[in-house]
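Asks: Structure of the sequence below:
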Amino acid sequence: MHLAIAGNIGAGKTTLTKMLSKHYGWEPFFEDVLKNPYLDDFYERMERWSFNLQIYFLNSRFNQMIDCANNEKDTIQDRTIYEDANIFAPNLLSMGLMTNRDYKNYESIFKTLKSYIKNPDLLIYLRSGIPNLVDQIHKRGRDYENSISIEYLSRLNERYEAWIEKYDSSNLLIIEVDDIDFVENKSDFKLITEMIDKKLESIF
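Replies: Numbers count the residues shown, from 1 in each chain. Presented below is the predicted three-dimensional model:
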């Protein structure tokens, strides 16, 4: 079984992935942030490094999804390859931060890779408003995220909502995270696991 968590920057994907993997005994696959050689440069000069960053994430997540498909254990993944292709890359293009030539190249590579991967059995989308995203980003204090603008987050949120509204590639569970604190509140985390249990029962 392969589950994946989707959501905007600061929505709580990595934290929830850690907590759910521990709770259920699933093997986690995390977004490659610390080892990513382009992330700092990207947030300094988005238009220069956008294509490099997206190709790096595309390759990293493709390999993760292959590993998930071949894994004997149940797996949970922090963000999927589909978010890069449906949200981040098109957003960079629309903001003029990726050239049309680079985007077409990226899109072609994604379509090739997509034919080799299997969709997750369940996609969990963490829906969050901008104030909560900003608050969470400030709390975790990553230096390279200091330059993220509210406009950039808002554009991503709009694309996430449009993508989720039409999502039909696998089973979907939407969790509203603005008014819960699954880290500090055990009852909130229990609520999430109950929602997941109920969804998985209906699938399997």
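Asks: Contacts only, for the closest residue to Thr75 other than its chain neighbours.
Replies: In this structure, Thr75 finds its nearest non-sequential neighbour in Cys68, 4.3 Å apart by Cβ to Cβ, 6 or more residues apart in numbering. Glycine gets a C-beta too; all of them are placed from N, C-alpha and C. For Cys68, the contact set (Cβ atoms under 8 Å, 6 or more residues apart in numbering) comprises His2, Phe29, Thr75, Gln77, Pro120.
Asks: And Ser94, by the same measure?
Replies: Taking Cβ under 8 Å, 6+ apart, one finds Arg155 in contact with Ser94.
Asks: which phi and psi does it have?
Replies: Torsion angles at Ser94 (phi, psi; degrees, to the nearest 10) stand at phi -70, psi -30.
Asks: now the residue nearest to Thr75: how far from Met19?
Replies: Distance, Cys68 to Met19, by Cβ to Cβ, to the nearest Å: 18 Å.
Asks: got the end-to-end distance for stretch 41-49?
Replies: Chord length of stretch 41-49, first to last residue, is 7 Å (Cα to Cα, to the nearest Å).
Asks: which parts of it are buried?
Replies: Phe42, Tyr43, Met46, Trp49 (16 or more other Cβ atoms under 10 Å).
Asks: helix, strand or coil for Lys73?
Replies: At Lys73 the chain is in coil, as set by DSSP: H, G, I helix; E, B strand; the rest coil.
Asks: show me where this protein has strands.
Replies: Per DSSP state E, the chain carries strands over the ranges 2-7, 27-29, 75-78, 122-127, 171-176.
Asks: CSV for those strands, including mean pLDDT, mean neighbour count and distance to Ile109?
Replies: Shown next, in CSV, are the strands of the chain (pLDDT from 0 to 100; neighbours: other Cβ atoms under 10 Å; distance: least, Cβ to Cβ, whole Å):
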stretch, mean pLDDT, mean neighbour count, distance to Ile109
strand 2-7, 96, 26, 20
strand 27-29, 96, 18, 21
strand 75-78, 96, 24, 20
strand 122-127, 97, 22, 22
strand 171-176, 96, 16, 26
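Asks: wait, which of the ones you listed is closest to Tyr106?
Replies: strand 2-7 (19.2 Å; Cβ to Cβ).
Asks: counting contacts, what elements does that closest one pack onto?
Replies: Helices and strands touching strand 2-7, by 3 or more Cβ pairs under 8 Å, 6 or more residues apart in numbering; DSSP states H and E, are helix 13-24, helix 46-70, strand 75-78, strand 122-127, helix 150-166.
Asks: residues near Ser115, how many?
Replies: Applying other Cβ atoms under 10 Å, we find 6 residues neighbouring Ser115.
Asks: could we number from 111 for the rest of this?
Replies: Okay, using 111 as the starting number, the last item reads as Ser225.
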